[in-house]
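Asker: Sharing a model that was predicted from the sequence below.
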Amino acid sequence: MKALILTFVTLALSTTSLLAATAAKPITADMQSALEGQIVYEVPLNAHVKKGQLVEQIDPSQYKDAIKSDAAVINYDKLLYNADSKLYKTHSVSLVAYLKAKENYQGAIEQFKEDNTTLNHCSIYSPFAGTVTEITTYPGSGIGDGHLIMTIVKNKAVA
């Protein structure tokens, strides 16, 4: 009986120490760049951030330029597709030319959507309320995709 009680006490102590070790480790978020570019904005070290707050931004100018270029290509390819569509109905253009114009137009739309998604990745937001505890790359620095920029530690919940 004493051995059974001793086993329960040992088990309870080891569980308590395991929970204490787990509770002591703070929750962190390593903020990484999804794109290559230059950092133009970043919150300062030891700043308190809210969930969803902008914490860093990569220069979006090259991605905005790509979207403008894509819009021009879409307009041009749409004009060609509409013209070839009318000409195909009168048998003035081949089916191959018509399908190629349609493919180019659809490709231009897909490229526009892809570049717009890339532009949205220029702004990086905090996943939770916390404090910036480490900054490895500062504004003005060039970075590659997957590069660590900062670490945010989650604020402890107030009971």
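Answerer: Looks like it arrived, so ask away. Residues are numbered from 1 along each chain as shown.

Asker: What's the first helix or strand after the helix or strand of the chain with the lowest mean pLDDT?
Answerer: Using mean pLDDT, DSSP states H and E, the weakest-scoring helix or strand in the chain turns out to be helix 2-24, at a mean of 45. For helix 2-24, the following helix or strand on the C-terminal side (DSSP states H and E) is strand 28-32.

Asker: In the helix or strand following that following strand, which residues are buried?
Answerer: Using DSSP H and E, the next helix or strand after strand 28-32 towards the C-terminus is strand 37-42. Buried residues in strand 37-42, counted by 16 or more other Cβ atoms under 10 Å: 37, 39, 42. All C-beta spots, glycine's among them, are computed from the backbone N, C-alpha and C.

Asker: Alpha carbons only: can I get stretch 76-83 in CSV?
Answerer: Presented in CSV, the C-alpha positions along stretch 76-83 are these (Å, rounded to 0.1, in the frame of the first residue of the first chain):
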residue,chain,number,x,y,z
TYR,A,76,-4.2,44.1,-75.1
ASP,A,77,-4.9,40.4,-75.0
LYS,A,78,-8.7,41.0,-74.5
LEU,A,79,-8.8,43.2,-77.6
LEU,A,80,-7.0,40.5,-79.6
TYR,A,81,-9.2,37.8,-78.3
ASN,A,82,-12.4,39.7,-79.1
ALA,A,83,-11.1,40.5,-82.6
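
Asker: Is residue 58 bridged to anything, and to what?
Answerer: With DSSP bridges as the criterion, the beta-bridge partners of residue 58 are residue 39.

Asker: quick one, what contacts it?
Answerer: Listed by Cβ atoms under 8 Å, 6 or more residues apart in numbering, the contact partners of residue 58 are 33, 35, 37, 38, 39, 40, 121, 122, 123, 124, 143.

Asker: cool, residue 108 as well?
Answerer: Residue 108 is in contact with 70, 73, 74, 77, counting by Cβ under 8 Å, 6+ apart.

Asker: still on that earlier bit, TSV for the contacts of residue 58, including pLDDT and distance to residue 60?
Answerer: Below are the contacts of residue 58 laid out as TSV (pLDDT from 0 to 100; distance: Cβ to Cβ, whole Å):
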residue	pLDDT	distance to residue 60
33	82	13
35	86	9
37	86	8
38	88	10
39	88	12
40	89	8
121	89	10
122	89	4
123	89	8
124	89	12
143	85	14
